[in-house]
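Engineer: below are the sequence and a predicted model for it; my questions follow.
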Amino acid sequence: MTASSELVAQVRSFSRWNPKKKTIPSKSKVPAYWIPPVGSSMKLNVDCSWVDSDKPSSIAGILRNSKGIVVDGFAKDVLASTPLQAEALALVQGLLFLKQRTEMHVAEGQVQKVQWECESDSSSLVEMVLGREEPPWALRNILIECNNLLSQQVSAKLSHCPREANQAVDW
């Protein structure tokens with residue numbers, strides 16, 4: 001593959017997951033699209049698909065660099081009683097995923113200069129993890145694990161993103 005065809009493929013990949021004509025269905029009419037991290041930062045978007053408490057839920061994460069190129073990801077099935085619990089399990093798995101990537105960089109002798117960003121489209125979950133909202137008792141242990149993992153990742157930042165900006169994780 002030539003350098004120019006590789007560049008075209010990267011632009012198509014970025015454009016596919018970051019359409020500019022999507023908007024948030026609300027009063028604001030602000031366009032919602034994925035915003036790449038700055039510099040050498042990497043951004044992990046996590047999400048879940050929950051149908052019923054009797055059926056497995058799917059959780060996934062997509063890790064992209066500042067050019068929007070998918071670098072890595074994960075997907076797995078989990079059991080969750082509620083959609084919020086499934087979102088929380090996706091976040092825990094995402095933070096474990098980032099911890100593993102950090103340990104790989106250190107084991108390979110690379111100096112850890114990567115800033116990690118983690119985004120979820122569940123604003124309630126993000127607010128609970130950041131301590132701005134009281135969590136239901138059923139989620140407290142999962143949220144404690146999220147906070148422990150975040151504290152271990154000195155360079156990790158958690159934030160909310162609109163659902164439309166989190167579409168890449170949905171495929």
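Structural biologist: Yep, that arrived.

Engineer: C-alpha from now on. contacts and neighbour counts both.
Structural biologist: Will do.

Engineer: from the chain's centroid, how far away is the top helix by length along the chain?
Structural biologist: Longest helix in the chain by number of residues, with DSSP state H as the criterion: helix 83-107. Taking CA atoms, centre = their mean, to the nearest Å, one finds helix 83-107 lying 9 Å from the centre of the chain it belongs to.

Engineer: who are the packing partners of the helix or strand that it is followed by?
Structural biologist: Of the helices and strands lying after helix 83-107 in sequence (DSSP states H and E), the nearest is strand 116-120. Counting contacts by 3 or more CA pairs under 8 Å, 6 or more residues apart in numbering; DSSP states H and E, strand 116-120 packs against strand 42-49, helix 83-107, strand 156-160.

Engineer: what does the second one rub up against?
Structural biologist: Meaning helix 83-107. The contact list for helix 83-107, computed with CA atoms under 8 Å, 6 or more residues apart in numbering, reads 44, 46-50, 57-61, 74, 78-80, 111-112, 116, 118, 120, 122, 125, 139, 142-143, 145-146, 149-150, 152-153.

Engineer: which of those are buried, as a PyMOL select command?
Structural biologist: Buried subset of the contacts of helix 83-107, written as a PyMOL selection, criterion 16 or more other CA atoms under 10 Å:
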select buried, resi 44+46+47+48+49+50+57+58+59+60+61+78+79+80+116+118+120+122+125+139+142+143+145+146+149+150+153
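
Engineer: that older thread, which of the residues in the longest helix of the chain are buried?
Structural biologist: Within helix 83-107, the residues scored as buried using 16+ other CA under 10 Å are 83-99, 102.

Engineer: what's stretch 36-46 in contact with?
Structural biologist: Contacts for stretch 36-46 (CA under 8 Å, 6+ apart): 59-68, 87, 90-91, 94, 113-121, 166, 169.
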